[in-house]
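Chemist: When you get a sec, could you give me coordinates for this:
(2 chains)
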Amino acid sequence: EAGVTQFPSHSVIEKGQTVTLRCDPISGHDNLYWYRRVMGKEIKFLLHFVKESKQDESGMPNNRFLAERTGGTYSTLKVQPAELEDSGVYFCASSQQGFGTEAFFGQGTRLTVV
Amino acid sequence: AQSVTQLGSHVSVSEGALVLLRCNYSSSVPPYLFWYVQYPNQGLQLLLKYTSAATLVKGINGFEAEFKKSETSFHLTKPSAHMSDAAEYFCAATASGGYNKLIFGAGTRLAVHP
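Modeler: Numbers count the residues shown, from 1 in each chain, chains lettered A, B, ... in the order given. Got it, this is the predicted structure:
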């Protein structure tokens, strides 16, 4: 069974440009999460999808970030325009329904804004 | 607000020595608790989880953790460190609200030397 897959693994962009990160969750997992780790600090929650619906987007930093989950399958996270402070590692995770069930994480996308 | 605190951003042990990584959570209601490990260039991998069953939880690779409600702690231990245990370890707790949104600690990087 394939795990959570994220593309690209690394991205270096200039300030002001746009970047789109993609996450393919484990098949059948209704829950999809985006997290971010900035500069070796704690991993912070960004948002949560249940199927195609945004359940909780309380962690999204500002309106430069837009997340979508088309048809309840893969998800994209777009940053437009990117700022220096957006640099970090963006993790995607997916889980089945049920409180306390394991969240499976992807390898992350390392985003560097220069 | 809920928080997870990991004491010590870096821990160094000798091969064969006891590994103890500390984690404390703040929550009025005991959450579900997790330990994840991240090896270099890999995603987060679940080591073990506490979901209100047994307070002593055994995980993969010889790790275990004990939930202590009175101390709001969930420390991770391994009796004998191996070189392959060198990695970054994250403690996480489920946030209140009924879904699987996780609150992470800042991580502890474990170094194992001969």
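Chemist: show me the residues around the residue nearest in space to the middle of chain A that make contact.
Modeler: In chain A, the residue lying closest to the centroid (C-alpha atoms, centre = their mean) is A:Trp34, at 3.3 Å. Shown in contact with A:Trp34 (C-beta atoms under 8 Å, 6 or more residues apart in numbering or on different chains): A:Cys23, A:Phe45, A:Leu46, A:Leu47, A:Ala67, A:Ser75, A:Leu77, A:Tyr90, A:Phe91, A:Cys92. (C-beta placed from N, C-alpha, C; glycine too.)
Chemist: Okay, and the closest residue to it other than its chain neighbours sits in which element?
Modeler: Distance criterion C-beta to C-beta, 6 or more residues apart in numbering or on different chains; nearest residue to A:Trp34, sequence neighbours excluded, is A:Leu46 at 4.1 Å. Using DSSP states H and E, A:Leu46 falls within strand A:43-50.
Chemist: Give me the contacts around that strand.
Modeler: So strand A:43-50 is in contact with A:30-38, A:54-61, A:65, A:67, A:69, A:72, A:75, A:77, A:90-91, B:90, B:92, B:95, B:99, B:101-104, B:107, going by C-beta under 8 Å, 6+ apart.
Chemist: what do you get for stretch A:70-79?
Modeler: A:18-25, A:30, A:32, A:34, A:46, A:49, A:51-52, A:64-69, A:86, A:90, A:92, A:111.
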